[in-house]
Structures are given as structure tokens and as C-alpha cells.
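Participant: just to be clear, the model below is a prediction. Sequence and coordinates:
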Amino acid sequence: MAIDLHRFANPARFLRITSAIFPWAAIVTVLLLAVGLYLALFVSPEDYQQGQTVRIMFVHVPAAWMAMSIYIMMAISSATGLIWKHPVADLSAKAAAPIGACFTFLALVTGSLWGQPMWGTYWVWDARLTSMLILFFLYLGYMGIWGSFDDQSKAARAAAILVLIGAINVPIIKFSVDWWNTLHQPASVATMDGPKIHSSILTPLLVMSLAYTSLFLTIFIIRVKAEILGRRLRILRLANLEE
Amino acid sequence: MDKFISLIARDIRLAVRQGSAFTMTLSFFVVAVTLYPLGVGPELNILTRIGPGVLWVGALLSCLLTLDRIFQADFEDGSLDQLMLGSLPVEFMALAKIIAHWLTSVVPLILITPILAVSLNMPADGIWAMMLALLVGSPVLSLIGAIGAGLTVGMKRGGVLLSLLVLPLYIPVLIFGVAAVEAAIAVLPMGPHILLLAGMSLGALVICPVAAAAALRLAVE
Amino acid sequence: MDKFISLIARDIRLAVRQGSAFTMTLSFFVVAVTLYPLGVGPELNILTRIGPGVLWVGALLSCLLTLDRIFQADFEDGSLDQLMLGSLPVEFMALAKIIAHWLTSVVPLILITPILAVSLNMPADGIWAMMLALLVGSPVLSLIGAIGAGLTVGMKRGGVLLSLLVLPLYIPVLIFGVAAVEAAIAVLPMGPHILLLAGMSLGALVICPVAAAAALRLAVE
Amino acid sequence: MSTLNEFLDMGGYGAFVWPAYGVSAIILASLIVLSVRHLRMIERELKPIEQDRKSRRRKKTLTGDTV
Amino acid sequence: MSLTAVNLRCIRQDRVIFTDLGFSLKAGEILWVQGKNGAGKSSLLRMIAGLLKPASGEIQWQGTSVTEDPDGYQNQFQYIGHQEALKPVLSARENLQFWADYSGNRDVSAALTQFELEKIADSPVGIMSAGQKKRTNLARLISSPAPLWILDEPVSSLDTHYINLFKQQLEKHVAVGGMALLATHQDLNLAGSRKLDLDTVKASS
Amino acid sequence: MSLTAVNLRCIRQDRVIFTDLGFSLKAGEILWVQGKNGAGKSSLLRMIAGLLKPASGEIQWQGTSVTEDPDGYQNQFQYIGHQEALKPVLSARENLQFWADYSGNRDVSAALTQFELEKIADSPVGIMSAGQKKRTNLARLISSPAPLWILDEPVSSLDTHYINLFKQQLEKHVAVGGMALLATHQDLNLAGSRKLDLDTVKASS
Ligand code: HEM
Ligand SMILES: Nc1ncnc2c1ncn2[C@@H]1O[C@H](COP(=O)(O)OP(=O)(O)OP(=O)(O)O)[C@@H](O)[C@H]1O
Ligand SMILES: Nc1ncnc2c1ncn2[C@@H]1O[C@H](COP(=O)(O)OP(=O)(O)OP(=O)(O)O)[C@@H](O)[C@H]1O
Ligand SMILES: [Mg+2]
Ligand SMILES: [Mg+2]
């Protein structure tokens, strides 16, 4: 069973690297969040048409962006896991999923909270919102698969297949506003011809996005570590049983 | 009696350990409910109008999909044999498992209902009525379901048959459950409907464990 | 190629011999659809309004319940191993079984839709649109469903997971399927929606067998 | 004081803005807490097993046979 | 203390598995049920355990039919089928503890030691090998004791060491006046065990 | 014609079942895979059949790795698992006919006669006894012939007469230059069969 641990040789290195990054990630997160929230709540002016509700944007949009980018990240690492059979790739996708699900949920909730004042309802069944909801379900299904296999390496491959199929959904989310006429705002920041909104709003938005990103990194490191150690724990338990 | 309790406790613990059980039922409920607005389109007044029906049918269907959990696992690993041989009468054994199922599979649905109700923009008092009606009526779902589960346990692909057996029996609950909520929304007294649901629950509580036990005796042969 | 055909023929023959398969799916469809009128009450205008949605959702759910037929039986009796070892590429093997599933489980639904549609008093042209939309869109249900079925084959209680995996991916079909019918009812052109459905079917036809094959490869390990 | 009220009022939209921030805070905070607790739990379970292995390996090397 | 089976007949899916089968078992005796696959060993054991109703004939405990006073028979036996009635997500200890509670007993540690399970008692059953599962299941015989043991394939997937361990337990049990009915494919050559060969029974019928 | 396995390792649910397992099999040879339950017999056979990917090591047909040219290995072997791949609602003949079509062969009547199935060939498999099912499944070896036979528990639930019948078929097969890899619990004492004991393999690792 000494053999088994070889598969986790590089995880050991991986763990060293991540735990080196970890404190910095944590600090950066705190700082960015402080600055971002200050800008968002106190500095940025109220929007001429949306009034104070525009402040919801600073938690809504970054969450939405994270939701999508985390999914893409999962798709990529799952693909690598499938092709190069690297356990850490699968485990990192697994570790990212709950975080992505949370951000998706936040995008949905904050969005609805924004919808009530802006559209007069918490929810409409338009393309953007629906496809976002589907993304949420995809996250749930992904976690469901991991939960349902007792053979971890099988679970990894099964989950990878699902993520890759579901990846079709991301571009739909992104461009739904352009393809179908929806209530929802069209892209105004991440567009071909640069941002279209005033810096007084753009700056806090970007700061918050960075804050969310580094927050993701922080939590991600914790979870990956947990996953790797958990897998190791499993193997050692089995090894003890063998004797 | 403490055997009764220990059985319930064990089933709950199993559900908690497996974890995925909860989340998956909930997510199916959410998905199934969200399908309708997608189907019938976004107009709010329509949604309000069909809201109660959609939620109840959603609850029915998700409960349906969890029914096989009541006995199937225990049947497959032979635990059911042991449970039947224990000194606890089979009827009470079945009842214990039904209660555990209700607590682990149905109650979560009730708890998440408000959120879905909002997204179907149901008025506040409607939401309360919905939860009350579910609370009083849903035990029938587990109880009747247990009979179907007992009859189909051990069948290779009993799923469709199970739903055929059970769904028709669910219809009364559906009708009065919806009636109660709509009464509340229309600010009419919903007492009678609730009482009817309670009555059904009590009736089922008496009959179903016996029937389920009989079904189980066949199943283990 | 003749292997491809012989596999489809064999699955169809099995479905015919078992018989009950058809009837049960159909009856579930009927029950599921009739639950709604019960849920939302008999007003005709409402029914007409929600008719297409209810029918589509009913079709989705009944198709969902039949998905485990695609691979489960063959997995349990070891036939799947043999099918994978045959000289027919696994992707085509999967495709053959998907086609068989569509013919045996989905087409019957399409055929009885008119009756149900009438009972939901849907106008005549709406009914035709409904059948056309189903005909063009339903292959996606079998195709996507096969991926879920492949991923959950051999799981003890994969049912809920299966639905959780598959239903979200069904949503686009649902949306455009309903849109087509409503367009037809509102005497608007339904061409674009139908085309979109056809497009989805083609896309799924390319992707799904490959994904399903991948899923099966790890299922038989 | 009034400024604080104004601030909390968010031009009449406080009922939407603050929940938005509140939910975000709660969800993310609890996500962190849960993740950390999960990690701690695993580390706790892993520690004894690791030490057990180490000691055994030492014994084995003493008796000169290899893993 | 005695168990008697009179003219039992077993019909499965309209096929007669065995008929006119009778035997009796007294305190301190072991009856070894033999027969090739499908001969009806498991079916017979399930009948004795009361899980399967005989198509005809009756089973008597202390001379009175068990259908007449079930409660007298209740708790007099411990049935161990060829599946392990264990939950993968619970540890061996938790599993045994539940069954002990359920049959009104308390202490399981003794059972764990007797089947050499202490080391792995707290790891989930799900990751155990077939043999370890089997032993955990057999430990129920100790943690919820009963005069009559009904054992279906008790030693399948046990290696020789544990087979002997099990034999000791079994002999101890009968030595103190217990009795056992077991179906195995392999011969355990137990001291003072009688044989019941279902193939011959079938032939004779 | 030769099959070679080099340093195969099998990992199931993070548990190493066996490792560094190697053997080679030439025309006219039989390899008998032994080991107690859970030793990995079925797993090994599934690996050789290509259903289960080895965690490491490789399988070679005619000296070239089967992962490099799968098509060369394709159709060179016939795998018979311990489940019968038969549909209860179809008759024995129909079942065999389908598998023959599927593997590009035609005639099944020869196979039916060889395993003495003509009498029951047209009754649905569902009502057959375990042994009859097993024989119908084995008949696939004749109706879709292949040089390498991979057999998992081929004789379980066969009685002596049919075990001998099967042995004749097997010996005929190797006599004409076929080869076979079989896992059974009971010793068939076949002429010129080599042994591979998985328990020892595991121990040695
Ligand atoms: C539950 C409801 C909502 C959901 C699921 C949702 C989802 C999203 C998503 C996925 C994005 C990222 C789009 C991209 O990166 O291109 C986004 C961005 C955005 N959302 Fe929402 N949204 C919702 C409600 C709202 C509401 C009510 C408003 C305002 C009235 C709003 C305003 C915006 C704005 C301004 C952006 C930034 C667009 C850009 O600059 O790229 N959203 N939303
Ligand atoms: N649940 C069941 N329903 C219908 N028939 C059954 C059932 N279980 C077993 N049978 C049939 O009853 C007969 C006897 O089965 P049984 O399991 O008692 O044999 P056995 O002697 O235990 O075989 P084995 O040695 O494989 O354990 C078999 O022909 C089998 O097909
Ligand atoms: N599908 C599977 N997934 C995960 N683990 C499995 C699977 N099948 C078997 N195993 C495990 O792999 C190990 C070897 O199983 P295998 O069936 O190869 O043993 P075997 O030698 O065939 O046993 P038997 O004599 O009972 O046939 C066992 O410990 C088993 O728990
Ligand atoms: Mg048996
Ligand atoms: Mg085997």
C-alpha cells in the first residue's frame, strides 16, 4: 500500500505551494473587501435612474461573474483530469463546486432583490435568469454525482462528463441578453469595445470583483487541502484494514 | 417503544450520513416546480393562479421519487428480513420507517416551499396556508406511499408501477390541499379543508401501516 | 450497419414482449397530465392557457421515468458488457439503444397527446403544432437522457440523481416546444421555434452518443 | 444621526439593498466556516493514523524489513 | 428444547423445490443442510425463520406449531442470511449496536472481541472487505444471543483462520445446549453434526 | 498467437486488489485463475477483456499492447462473465441468435446441439433453471467462436454431467490451438492447465 501514496506525491508539493500562497490570499481578500465595500457603500454616487439600488450591483455582478468563471475553471480542470489522469485536477474541480454554487445562489438572490425595485417583481422567466438557474442546477447535479459514487476515481470521471456537457450553458448565460430580448441589462463592462459605464461605478465594481476572486482563492485552498487529506485518510484507513 | 425510537433514529442517522439524499430530493422539487413557470410562461397573474397546484404537484412528484428509499435499501442488504424478525410488530416497524421517511424526505420540502412560492409570486398569506396545508396533509403522502413502496420493493424497475399505484391515491390530498391554499388566498376560511386533510392523515395513519406490513410480508418471501 | 439494426430490432422486440412497459409509461403520462386540471381547477380559459406547458412537462417527466430502461436492464444481466465488447463502436451501440428508446417510450406519448390535448381543450391547430413540436423536439429527450442514464446506471438509487442531472438540460426544449405551440395557437408563425428544436436535436445527436459512451465505459468497470 | 438613517434608508430602497449585502455576507461567511471546520475534522482524524504509520515504519526499519 | 419440521413443501414460481421434507433438531445438535445451487437450502432456512410460508407442512417449536403461538418462537432464534444486514455508512460498532438495541440487548464489545474486530470496529463498513463484513455480521450471534442459530452460508468469503474461529464459536454454542441449522457448500466437518441432503430429498419425492 | 500480461495492478475503490501481476498464455494452453472471494479473479478477467482499465501495467496480444491496436485484439476473444447475458422473455435460440448476429456470425443450431439444448431451445429463458441458463450462455462460445476464451465461474450451478460436457468442449478448443483463461472455485483438474493463484500474488507484493 506504500504504492498508493505515490499517486499523492505531487499533491504533497501542491499542498506546500498552496499553503505558501494561503496567508497572502487571505490578507489580500480582507483588504480588497474593506476598500471595495467602502467605495461601494459610501463613495460611489447613486444612479440617476436606478437610485440607491445601483449599490446592489456591487455584490450582484461580481457574484454572477464568479459563478460563470468558476464553472469554466471546473470544466478546464475536469478536462485535464480526464486526459492526464491527474488526481489533483479532479479534486480541485470537486473543491470548487460548492463555492461556485454559493456564488450562483448569491447572483440569483441579489438579482431578485434588485429585480423587485427595478422590474417590479422578484423573478421573471427570461433567458438570462433561467440559464443562470440552470447553472445552479448543474452545480447541484455535479455535487450529487460526487456524492453518489463510492468509487472516487469513477465519480471523478462521471462528474467530469457532466461538467463538460453543461459547459454549453455558460455562453448561453453570457449572450442570452443579446440573443433574446430580456428585461436584463446587456453587458456594459465586459464588452468588445471596452467598458461603457462611468468610472465612479466601474472602480468599486472591479475592486469588488477582485475581492471576490481572491476570496474564492482563499476558500478554494482550504477545500482542496481538505479534499486531498480526506482522500489520503481514506487510503490509509483501507491500508490499515488490509493488515 | 424504545425499539421504535431506535429504528427511527437509525433511519434519520443514515439519511444524514448519506447526506446527498436530502439535497437531491430538494433539488428535484425545485427543478420540478420551476419547470412549470417555464412551461406556462412568465405572466404573473397566471403564475399566482396556478401556484398552489404547481407546488402541490411538485411536492407529490418529489415525494414519489423518494418512496423507494423507505424499504428498498433495507430489502437489498437483507436488513428488512432482520427487521421483520425482530420483536417489534411489523406494523410498528413499518410505521417507524414511514415516520423517518416523512421527517427526512418530506419536511425538507415543506421548509423550502416559501422560497419557491415567492418565485411563483404567491401572496404572503397564501404561503402560510401552503405550509400549513403541507404540514397537515403531507403525512398522507408518506403513509400511502409506503404501501406502494412495500408492494414494489424488490422489483427490478418498479418505479413506473409505483407511481401508478400511488399517484391516484394522492389525488384527494392534492385537491383539498390546493383548495385550502386558494381559500386562504381568496381570504376565505380554509379551516374545513385543513380539517379534511387532518382527517385523511389520521385515517391513513390507521390503515396504511397495516397494509404496508402485509405488503412487506409478501416481499421477503 | 446490420449489427446496428439488429440491436435496435432486439430492443424493440424486448419492449413488445414485456408489453407492460408501453402501458405503464402511457398511463403515467395520462395521470401526470390529469393531475394539473385537478390542481389548478377546471376553468377552461386557464386550462387552454397552460395546456401546452402541462403537456410538455408531462412528456418530460414520463420520459424521465423511462430513461433507466435504456441501459439498466442490460447492465444488470451483463448484456452491457457483451455489447461493449462487440465490434460495433460503443458510440453507435449507445445511439442504437437511444433510437430504440425513442421509438418505444417516446413515440407512444406523441401518439396519445391529441386525446389529452382535447381534454385540456386545446384548439385544433394547437394540437397539430403540439405533435409536430414533440416529433421534432423529443429526440433530444432520449439523447440527453441517455447521458444521465449512462452516468447513473448501476447506482442503487440513481433515480433522483438522474432527474437532477437531466431535467435542467431539458429546459430549453421545454421552453421552445411550448413557445412553438403557443405561437401556433396565437396564429403566429411557429417556424423559427420548430427550427430551433430541430437544431437542438441535431446538436444532441452529435454530442450525446459520445458522452453516453464515455459514461458507459466507466459504468462497466 | 439623520445621516445614518438616510444611509440605512438607501433612498427608500434599504429593504432591498441591505438584504442583498446581508445574504452575501451570511452565505460567504458560513461557507468559510464550514470549509474550515471540515478541514479541521479531517486533520483531526488523520493525525493518529499518520503517527501510527510512522511509528510502525520505524519499527519495521529497525527490524530491517522494508515497506 | 426442540425444533421439528413436518412434511415441508416449498414451491417457488410454480416450481416444486422440495416436498415431504422433515427433520428434528434437539438441544446440542447441529444440522448441516446440503444441496447444489437451487436445491432450496436458503428457501428452507427462510421457512424455518418464518420468512417464507411453507406450501404445506408445519414447523414445531417445543412440539407446538409456530403458527399457533408465534410469540413462543419469537426471539428463540437468530437468522443470518447470505447477505450482510449492515449499512455501509455506519461503523461496525454502530451497526451491531443498532441490532442489539433492536433485539433488546445492550453490550456489543464482547461480540466484537470474539470475532477479532476491535481494530476495525470504528471504520465504516462500506470500505471493509467481504470477509470483514461477514465477520461483523456473524458477531450478531454473540451480541444478540438466541438458542437456535439459522445460518445461510456463514463461512463464504472467510479464510481458514476465521472459519476455525467461527467453528469454535459454533461448538461453544452447542456445547452449552444451543442448536444450529446451517447451509454451506463446503464441509466444515463439525463434531456431531447431522446431514440433510436436499438433492436426495428431491430425488426421493 | 499469444496473450501476455505485464505488471498489472488493480485498484478498486482506492484498495489495491492485486499488483505486479504478470502471466503469459500461448496457443493450446489453459490458465486457471484461483483465489478466495474478493481476491480479484473477476476483476482480472474483466481487465483482460478490456472492460476494466489496469491502474498500471499492460496487456499484450501477439506481443503488441492492446491499447495500441485495439482492433487487432477485437473479436479475438469471447468473454463470459458470471452473469448470464440472456433476456428472460426471449427463447434460448433467440438470445443466441441475437448475440451471433451482433458478433457477425450466423448459425446457432450447432451450438445448441453441442450443449444439449435443442429440446428446450424454444422455451423462454425466464422459466429455465440456473443450470440451463448457464449452458445457454456457454453455448455462445460455439455460436460465436474466438481463439481466446475468458470464462468467469463457467461451471457454477452446473451438475457433474454438464461439467464434463463443458470440459470436453474446452479441451477440444485448446486441442485445435485455442486458449482459455478461466476462474473457478472448484478444481476441474484439466489436462495441461497452469495455475495462477491470486492470494499468493497479493501476499508477495
Ligand atoms: C435573479 C435575477 C438576475 C440574475 C440571475 C442575473 C444574472 C446576471 C449575470 C449572469 C450577469 C453577468 C453577465 C455577464 O457577465 O455578461 C449579470 C450582470 C449584470 N446584471 Fe444581473 N441578474 C439578475 C437580475 C438583475 C437585475 C434585476 C438587474 C438590474 C436591474 C441586473 C443588472 C445587472 C447588471 C448591470 C449586470 C452587469 C452587466 C455587465 O456590465 O456586463 N441584474 N446578471
Ligand atoms: N425470491 C424468489 N422468488 C422466486 N423463486 C426463487 C426466489 N429465490 C429463489 N428462488 C428459486 O428457488 C429455488 C431454490 O432457491 P434457493 O436460493 O433456496 O437455492 P439454494 O439451495 O439456496 O441455492 P444456493 O446454493 O445458490 O444458495 C431456485 O430454483 C430459485 O430459482
Ligand atoms: N464494481 C466494483 N466496484 C468497486 N469495487 C469492486 C467492484 N467489483 C468488485 N469490487 C471489489 O474488488 C475486489 C475484487 O472483486 P472480484 O469480484 O474481482 O473478486 P473475485 O475474486 O471475483 O471474488 P469472487 O470469488 O466472489 O468472484 C473485491 O474486494 C470487491 O469488493
Ligand atoms: Mg442459498
Ligand atoms: Mg468473481
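Facilitator: Received the coordinates, thanks. Ligands and ions are numbered 1, 2, ... in the order given.

Participant: rest of the way, CA atoms for contacts and neighbours
Facilitator: Will do.

Participant: quick check: E:Ala180 touching E:Glu29?
Facilitator: Yes: using Cα atoms under 8 Å, E:Ala180 is in contact with E:Glu29, at 6.6 Å.

Participant: any residues in contact with both of the two?
Facilitator: The contact sets of E:Ala180 and E:Glu29 overlap at E:Val174 (Cα atoms under 8 Å, 6 or more residues apart in numbering or on different chains).

Participant: which other helices and strands contact the helix or strand of chain B with the lowest mean pLDDT?
Facilitator: The least trusted helix or strand in chain B, going by mean pLDDT, DSSP states H and E, turns out to be helix B:20-40, with a mean of 77. Counting contacts by 3 or more Cα pairs under 8 Å, 6 or more residues apart in numbering or on different chains; DSSP states H and E, helix B:20-40 is packed against helix A:127-148, helix B:2-18, helix B:44-66, helix B:107-119, helix C:44-66, helix C:159-185.

Participant: and the fifth one, what does it pack onto?
Facilitator: Pointing back at helix C:44-66 there. Helices and strands touching helix C:44-66, as assessed by 3+ Cα pairs under 8 Å, 6+ apart, comprise helix B:20-40, helix B:159-185, helix C:20-40, helix C:107-119, helix C:124-152, helix C:159-185.

Participant: now that helix, how far from the chain's geometric center?
Facilitator: The gap between the average C-alpha position of helix C:44-66 and the chain average comes to 13 Å, counting by Cα atoms, centre = their mean, to the nearest Å.

Participant: compute the inter-axis angle for it and helix C:20-40.
Facilitator: Compare the direction of helix C:44-66 with that of helix C:20-40 by axes from the mean of the first three to the mean of the last three Cα atoms, to 10 degrees and you get 150 degrees.

Participant: check whether the helix or strand just after helix C:44-66 contacts ligand 3.
Facilitator: Sequence order places helix C:72-76 as the next helix or strand after helix C:44-66, per DSSP states H and E. No: counting by Cα under 6 Å from any ligand atom, ligand 3 has no neighbours in helix C:72-76; the shortest distance is 11.5 Å.

Participant: the residue nearest to E:Val155 when sequence neighbours are not counted sits in which helix or strand?
Facilitator: The spatially closest residue to E:Val155, leaving aside those adjacent along the chain, is E:Ile163, at 6.1 Å (Cα to Cα, 6 or more residues apart in numbering or on different chains). According to DSSP H and E, E:Ile163 maps onto helix E:160-175.

Participant: part of a strand, is E:Gln60?
Facilitator: Yes: applying DSSP: H, G, I helix; E, B strand; the rest coil, one finds E:Gln60 inside a strand.

Participant: who does it bridge with?
Facilitator: For E:Gln60, the residues forming beta bridges with it (DSSP bridges) are E:Thr4, E:Ser65.

Participant: could you pull up the contacting residues of it?
Facilitator: For E:Gln60, the contacting residues are E:Leu3, E:Thr4, E:Ala5, E:Val6, E:Val66, by Cα under 8 Å, 6+ apart.

Participant: the same query, at a cut-off of 7 Å, please.
Facilitator: Residues touching E:Gln60, when contacts are defined by Cα atoms under 7 Å, 6 or more residues apart in numbering or on different chains, comprise E:Leu3, E:Thr4, E:Ala5, E:Val66.

Participant: is it true that the second one touches E:Phe23?
Facilitator: Yes: with the criterion set as Cα atoms under 7 Å, E:Thr4 and E:Phe23 qualify as a contacting pair; they are 5.9 Å apart.

Participant: common neighbours of these two, please.
Facilitator: Contact criterion Cα under 7 Å, 6+ apart; no residue bridges E:Thr4 and E:Phe23 by contacting each.

Participant: who has more neighbours out of those two?
Facilitator: E:Thr4 (18 against 13; other Cα atoms under 10 Å in any protein chain shown).

Participant: okay if I get the helices and strands packed on helix C:44-66 as TSV plus mean neighbour count and distance to ligand 3?
Facilitator: Written out in TSV, the entries for these read as follows (neighbours: other Cα atoms under 10 Å in any protein chain shown; distance: least, Cα to the nearest ligand atom, whole Å):
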stretch	mean neighbour count	distance to ligand 3
helix B:20-40	23	20
helix B:159-185	22	24
helix C:20-40	20	28
helix C:107-119	17	34
helix C:124-152	25	13
helix C:159-185	25	19
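
Participant: which stretch among the ones you listed comes nearest C:Ala73?
Facilitator: With Cα to Cα, the closest approach to C:Ala73 among the helices and strands packed on helix C:44-66 belongs to helix C:124-152: 11.4 Å.

Participant: report the angle between the closest one and helix C:107-119.
Facilitator: On the basis of the same axes, to 10 degrees, helix C:124-152 is oriented at 140 degrees to helix C:107-119.

Participant: run the contact check for helix C:124-152 versus chain A.
Facilitator: Yes: Helix C:124-152 lies within reach of chain A by Cα under 7 Å from any Cα of the partner chain, at C:Leu151.

Participant: what about that helix, distance to the chain center?
Facilitator: 5 Å.

Participant: do stretch E:64-78 as well
Facilitator: Centre to centre, stretch against its chain (Cα atoms, centre = their mean), the figure for stretch E:64-78 is 16 Å.

Participant: cool, stretch A:219-233 as well?
Facilitator: Between the mean C-alpha location of stretch A:219-233 and the chain-wide mean there is a distance of 17 Å, by Cα atoms, centre = their mean.

Participant: equivalent analysis for stretch B:99-116, please.
Facilitator: Relative to the centre of its chain, stretch B:99-116 is centred 8 Å away, using Cα atoms, centre = their mean.

Participant: is that stretch up against chain D anywhere?
Facilitator: No: on the criterion Cα under 7 Å from any Cα, stretch B:99-116 is out of touch with chain D, staying 14.0 Å away.

Participant: quick one: contacts of that stretch?
Facilitator: B:8, B:11-12, B:15, B:22, B:25-26, B:59, B:63, B:66, B:70, B:127, B:131, B:134, B:139, B:142.

Participant: so what would you say the end-to-end distance of that stretch is?
Facilitator: Across stretch B:99-116, the straight-line distance between its terminal residues is 25 Å, by Cα to Cα, to the nearest Å.

Participant: could you list the low-confidence segments of the chain?
Facilitator: Using chain A. A:1-11, A:47-50, A:179-183, A:188-196, A:242-243 (pLDDT under 70).

Participant: nope, chain E
Facilitator: The model of chain E has pLDDT under 70 over residues E:37, E:202-205.
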